[in-house]
Structure formats: C-alpha cells, structure tokens
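1. predicted model follows, preceded by the sequence.
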Amino acid sequence: DGSLGYSQYSRSRMHGGGSRQSTKKSFRLYGETDPNKNFKYDFFENSELNKFKRILAKSGGHRPDCFPRDDLGNLITDGLDIDQQHFRHVILFVNGEYWGIYSIKERMDKYFFQNEYGIDDDDITVLDQEYDVQDGHAADSLQMDMLEDFIVFNDMNEPANYEYVRERMDIDNYIDYMAAEIFLSNEDWVYSNVVMWRRTGAYDDSDIPGHDGRFRWATYDLDGAFGGSCAEAYYTVNTLEAATVETGTFSSYSRFFRGLLESDEFKAAWINRMCDLTNSWFEPVVTKGHINGIYANLAPEIMENVDRWRYPSLATNLADRDLETPSLAKWLEIQDKLNTFAERRPRKIKEHIILKWGYSDTSEITVDVNDPAMGMVQVNTILLNEELPGVNSSVYPWTGSYMNDVSLPLIAVPLPGYRFVEWME
C-alpha cells in the first residue's frame, strides 16, 4: 500500500560467484551494523522467525534468466527432511533506481543454523564440498574426512559399521538431500554448492535432529537446477550418474555417496525414498503447481524486469540481444520447458536407477482401505492421508510406482479405537 514496512542502516557487499560477472548483481546485507545486532522484521510469510543477522538479495544466478530456479527448487523440496532457506520476492531499488525483481533469502552460514535450531553460533560448524571449514571448528572437518574414509574402507553391510555411520550422520536427512539434488538435476553441484553442518562436540543419540551432533546437509544455490542451462530445462540429464561417477576429476566428490550405496540397507532406503517422492512431492501435478504458481505471482512485474535487464532473451549473443525488443517470449518458453521437466522427470529418474543397477522395471501398486475413518496405510516413508502432496480428495485408492526387485515396506496404521486385522488382495 506504499507505507514503510521497515527501515535500518546496514552494511552491504556483492554476493555470489558467477553472478558477479552478471550485470544484475546479488547483494549481501549485514544486520550487525552499529547500533543494531540484527534485522528484526517478518521477511518470510512461511516462517515464524523475525530476527536475522544476514540477508541476501539474490538476482537469480550467474545470468538474470536463471531466475526463479533457486526459488522453485526451494518450493519443490519444502517439507522434506532438508535444511533450506526461506525466500520472498521483492522489487529492489538501488539509490532510487529500479533494479528489478530479487529474492530475499537468509544467508546460509552459522547464523542461519543458529536461528533455525536455537544453537549457540560458537557450537556450530559449517563445511563445504571439500570439507573445508566455512564457520566453526577444524576438528569437525577432520571428523568428516575420517567418516568418509570409514565408509569407503569398511564393509557397509556389516551392521556394526553401518550403525557407527548412523551415529555420526543423519541418514534420513542425507537420503532426502541426495534425492532432491538428483531429481532437480542440479548441474552446479557435487563438486560445488554443498553445505553440511553439525552441532560440534559429542554425539548424543538421544537428542533431536540438529541438536544430536550428527552431520546434516542443506540445499543451497539451486540456480543450476533443471538441467544446468538458464535458457533451457533438460529432464533427461543423468544426475545420478554424475553423483556416483567413479573416475575423473569429480570422482572424489562422489566417494561418500558411492560408499554408502555399498550398503544394501542404504541403497534400498534411498531408492524407495526417491520413489516415495516421485509419487508425492515430485509428482507432476505438484511440481507444475509450484512452477505455474510462481509464474502467476510474478506476472504483474516481470515485464518491467525484462525491460530493465533484457533477460530472458531469444537472442543467443550480446549483439543480437542489444537489438532485440524486450518481450516475455523467452520467459514463457522457459515456463513451458520447466513444465515438461516436471511432467517427464519422475519417469526419467527411475530409468536412470534401472540403468545403474539393472532392475527389470517399475510396477504400480494400488493401496486401498475398507474405511478411511478406521485407519491408513504407510508406504515406506509416506503416510497416505490428505496431507500428502499429490493425493486426490478421497486419498484412497492410492496408486504409486515403485522399483521391481526392491523390497517395499507397507505399514497398516489403525486409528484410535480400531485394530488392523489383515491384508487382502
């Protein structure tokens, strides 16, 4: 309505790697500027947090037409067991000049995890893909190196060895993290844009996730998602192969995942969880809803942004782009390609799993209950109820696609006052 929502002096600097070469820069804003210690404002509608030390104004990536892939990745994976940033779209003005549509996000550093988990920032270690310390304690970098070596050089089918690993990393979080990055086909990843963290000190198996000292992973910087090209969306890219590559320059970044996949328990859990997600969070009607929803929300403002930055563009070189009349043609073309990605990626992911491990195919299972008022069914990790993404209004009968030759747990969940009697075909 034009009224001032919040005002504060702050330090700022440019943020990012590839985006520094772009005309449309990203910025990092510091709340700890005297006399302030934080930004104190409800930036994010889907978060109760209202105090932040550092905030990013993200342009979208190394090119302006990467926008809004990072935000779409956040929406698609929201609700998984992954730490991720919140975002909010804003119109940015720099010294009074229109600077276009930006995404406000938290910076993913130790203060982010402090804010999310209520842990003292001195007790948090954040590492990158090299296990280099971004914040915190060098001892935790050594712990991660030692954990990887333990996984690679020991039999992961030995229960005691797998339990040793489980005590030191959050297996469920890592499974969701690897499923998300591979499904989204993040091509600027494995060798880059990896964030892991832990509460430093002794492991405490009795404490809650995040506080227990286990390593956890967070999705970050998804500008390279949907196949890696800002101007396209490639649903066929075999990101599973890239994440398990055994030779070449990037093979060192896949050792951890490859080592865990030597465990039959972990491999089955990861494959089944990926199938769970393609039947729910990653189901086409759900992902297309996110894509088209974000495009609809941006529709009133996007033309002015395109006019300002001349991206997205149908031109393929700077000379032609300089002569091009700005339009929404490429913006809408990319929307169509993202929708094609959403429609076809789930099946392609399963083809990649079949190709890697030689499974025969997938099969559809249909689950029904005699009376939904009496109980529900849990298929592996997903409870079939009205809260599950992608279900229809009646929930049952429910149909999902799973990998042949991989055992799939089914659990009957009776409601209070009822008991499970038997399965029927």
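-> On my side now, so go ahead. Numbering: from 1, shown residues only.

2. what segments of the stretch 1-150 of the chain are helices?
-> 69-77, 110-117, 138-153 (DSSP state H, counting those that start in this stretch).

3. can I get those in CSV including mean pLDDT?
-> What follows is the helices of the stretch 1-150 of the chain, written out as CSV (pLDDT from 0 to 100):
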stretch, mean pLDDT
helix 69-77, 97
helix 110-117, 96
helix 138-153, 98
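
4. nearest to Phe215, of these?
-> Comparison of the helices of the stretch 1-150 of the chain against Phe215 by CB to CB identifies helix 138-153 as nearest, at 6.6 Å. C-beta coordinates here come from the backbone N, C-alpha and C atoms, glycine included.

5. neighbouring contacts of the following helix or strand past the closest one?
-> With elements assigned by DSSP states H and E, the helix or strand that comes after helix 138-153 is helix 159-166. The contact list for helix 159-166, computed with CB atoms under 8 Å, 6 or more residues apart in numbering, reads Leu147, Phe150, Ile151, Asn154, Asp155, Met156, Ile171, Leu260, Ser263, Glu265, Phe266.

6. nearest to Leu415 among the residues you listed?
-> Using CB to CB, the contacts of helix 159-166 come closest to Leu415 at Ile171, 29.3 Å.

7. one step back: could I get the helices of the stretch 1-150 of the chain as JSON lines with mean neighbour count and distance to Asn370?
-> JSON lines is the format used below for the helices of the stretch 1-150 of the chain (neighbours: other CB atoms under 10 Å; distance: least, CB to CB, whole Å):
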{"stretch": "helix 69-77", "mean neighbour count": "23", "distance to Asn370": "34"}
{"stretch": "helix 110-117", "mean neighbour count": "21", "distance to Asn370": "42"}
{"stretch": "helix 138-153", "mean neighbour count": "15", "distance to Asn370": "45"}
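
8. would you turn those helices into JSON lines with distance to Arg310?
-> Formatted as JSON lines, the helices of the stretch 1-150 of the chain follow (distance: least, CB to CB, whole Å):
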{"stretch": "helix 69-77", "distance to Arg310": "19"}
{"stretch": "helix 110-117", "distance to Arg310": "33"}
{"stretch": "helix 138-153", "distance to Arg310": "43"}
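
9. out of the ones you listed, which is closest to Val306?
-> Closest approach to Val306 among the helices of the stretch 1-150 of the chain (CB to CB): helix 69-77, 16.2 Å.

10. show me what the closest one is packed against.
-> Where contact means 3 or more CB pairs under 8 Å, 6 or more residues apart in numbering; DSSP states H and E, helix 69-77 is packed against strand 87-94, helix 171-183, helix 284-309.

11. deepest-packed of these, please.
-> Highest mean neighbour count of the helices and strands packed on helix 69-77: helix 171-183, a mean of 23 (counted as mean count of other CB atoms under 10 Å).

12. list the helices and strands the next helix-or-strand element following it packs on?
-> Going down the chain from helix 171-183, the next helix or strand is strand 195-199, by DSSP H and E. Counting contacts by 3+ CB pairs under 8 Å, 6+ apart, strand 195-199 packs against helix 110-117, strand 124-127, helix 138-153, strand 216-218.

13. show residues contacting strand 195-199.
-> Here strand 195-199 makes contact (CB under 8 Å, 6+ apart) with 83, 108, 110, 113, 117, 119, 123-128, 134, 136, 140, 143-144, 210-218, 220.

14. off-centre distance for the helix or strand of the chain at the bottom of the mean pLDDT ranking?
-> Using mean pLDDT, DSSP states H and E, the weakest-scoring helix or strand in the chain turns out to be helix 318-323, at a mean of 88. Averaging C-alpha positions (CA atoms, centre = their mean, to the nearest Å) puts helix 318-323 35 Å from its chain's average.

15. can you list the helices and strands that the helix or strand following that helix packs against?
-> Later in the chain than helix 318-323, the nearest helix or strand by DSSP H and E is helix 329-357. With contacts taken as 3+ CB pairs under 8 Å, 6+ apart, helix 329-357 sits against helix 171-183, helix 239-243, helix 264-278, helix 284-309, strand 398-403.
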